[in-house]
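Visitor: Just a sequence and a predicted model for now, questions to come.
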Amino acid sequence: MPGELMIHVNDAPGSERAHLAFRFGLVALAEHRAVTILLSAAAVELATARSVAAARDDHGSVAAMVERFVDNGGRLWLLNASVHEHGLTGPDLVDGAAIVSPGSVVDELVAASGTLTF
């Protein structure tokens, strides 16, 4: 698989930045690249099952893009401190979302061929 890409988004759900992060992620997946999107701060709310379920019929919404991203093989990571800060637990999250530590993020950043931050 050609170069790995890591995308970081820390903006609130519904923001243009969150939308752009998943747009880039979906494009990279379509180009057969390995992609990890890291959600931190308020962006962890994007990976909640309630967020995705509420937007399932709106294919242009960020929540719908989250679901397509995971379904197409993207890795969705949530920073553990942000998950805790927002009172979320594993059962609150969409299938395929993983709660990760800063150490895992650093390892991925070092290994990635490219990174984007929104």
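Guide: Sure, I can see it.

Visitor: all strands for this structure, in order.
Guide: Counting by DSSP state E, the chain has these strands, from start to end: 5-9, 35-39, 75-79, 97-100, 114-117.

Visitor: what would those strands look like in TSV with distance to residue 15, mean neighbour count and mean pLDDT?
Guide: Every residue, glycine included, has its C-beta placed from N, CA and C. What follows is the strands of the chain, written out as TSV (distance: least, Cβ to Cβ, whole Å; neighbours: other Cβ atoms under 10 Å; pLDDT from 0 to 100):
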stretch	distance to residue 15	mean neighbour count	mean pLDDT
strand 5-9	9	23	96
strand 35-39	12	26	97
strand 75-79	17	22	97
strand 97-100	19	19	97
strand 114-117	13	13	93
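
Visitor: Tell me where the model's unsure across the chain.
Guide: Confidence mapping of the chain against pLDDT under 70 gives the ranges 1-2, 52-60.

Visitor: what's the single longest helix in this structure?
Guide: For the chain, the helix that runs over the most residues, judged by DSSP state H, is helix 16-30.

Visitor: now the strands of the chain in JSON lines, with distance to residue 23?
Guide: Compiled in JSON lines, these are given as follows (distance: least, Cβ to Cβ, whole Å):
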{"stretch": "strand 5-9", "distance to residue 23": "10"}
{"stretch": "strand 35-39", "distance to residue 23": "11"}
{"stretch": "strand 75-79", "distance to residue 23": "15"}
{"stretch": "strand 97-100", "distance to residue 23": "19"}
{"stretch": "strand 114-117", "distance to residue 23": "11"}
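
Visitor: how about these, which one is nearest residue 16?
Guide: Judged by Cβ to Cβ, the one of these that comes nearest to residue 16 is strand 5-9, at 10.9 Å.

Visitor: how much distance is there from the closest one to the middle of the chain?
Guide: Relative to the mean C-alpha coordinate of its chain, strand 5-9 is positioned 8 Å out (Cα atoms, centre = their mean, to the nearest Å).

Visitor: the inter-axis angle of it versus helix 16-30?
Guide: Here strand 5-9 runs at an angle of 160 degrees relative to helix 16-30 (axes from the mean of the first three to the mean of the last three Cα atoms, to 10 degrees).
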